[in-house]
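> With the input below, show me the fold.
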Amino acid sequence: MSRPLIVLLHGPNLNLLGEREPAVYGTARLDDYVAVARDTADRAGLDLDHLQSNHEGVLVEAIHAARGRAAGILINPGAFSHYAWSLHDALAAFDGPVIEVHISNPNAREPWRHTSVVAPVASGSIVGLGLHGYELGVSALVRLIGAGA
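Numbering: from 1, shown residues only. Modelled structure (predicted):
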């Protein structure tokens, strides 16, 4: 019997985690975030696919590919959060829960970061909790899709 799938998506510059602005984003690398999410998903009986891209269209296509295949999406859109309406529209067409996650708290940073175009189509947003936010994001998806113990 196959396990439910969740898709973890990362937007631009998140491939530089651990190197880029450690005072803001810490020293954990992208692989560390993926490992926390994958471990949390595995303990709940879910599979996890991951994709990071610096290209908006690649993320849109990944969201389209998740339709009918994935039970939920956990997304850190990075800077795309603030202007990528194509992500908003793609996520709106996904028939399952979406959790938006951010390592830092955009609301405590520059004013242009305070608006998310993803938030209106997300089931919830988790911000400012670093690695723990990914554990919470997967746990939220588990509850929303009714999976796990």
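> Can you classify the residue lying closest to R67 once chain neighbours are set aside by secondary structure?
The shortest distance from R67 to any non-neighbouring residue, by C-beta to C-beta, 6 or more residues apart in numbering, is to F94 (5.8 Å). Quick note: C-beta positions are derived from backbone N, CA and C, even for glycine. Judged by DSSP: H, G, I helix; E, B strand; the rest coil, the three-state class of F94 is coil.
> got the contact list for F94?
63, 66-67, 73 (C-beta atoms under 8 Å, 6 or more residues apart in numbering).
> possible to save the residues you listed as a markdown table with pLDDT?
Listed next are the contacts of F94 as a markdown table, based on pLDDT from 0 to 100:
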| residue | pLDDT |
| --- | --- |
| I63 | 98 |
| A66 | 98 |
| R67 | 98 |
| I73 | 98 |
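> Centre of the chain to the lowest-mean-pLDDT helix or strand in the chain, how far?
Ranking every helix and strand in the chain by mean pLDDT, DSSP states H and E puts helix 22-25 at the bottom, with a mean of 71. In terms of C-alpha atoms, centre = their mean, to the nearest Å, the centre of helix 22-25 is found 18 Å from the chain centre.
> How about that helix, which residues are buried there?
By 16 or more other C-beta atoms under 10 Å, the buried positions in helix 22-25 come out as Y25.
> ok, then the element right after it?
Past helix 22-25, further along toward the C-terminus, the next helix or strand under DSSP states H and E is helix 30-43.
> gap between that next one and the chain center?
Using C-alpha atoms, centre = their mean, the offset of helix 30-43 from its chain centre is 12 Å.
> What lies in contact with the following helix or strand past that helix?
Where DSSP H and E defines the elements, the next helix or strand beyond helix 30-43 is strand 47-52. Defining contact as C-beta under 8 Å, 6+ apart, one finds that strand 47-52 is touched by 2-11, 14-15, 30, 34, 37-38, 41-42, 58-59, 62, 70, 138.
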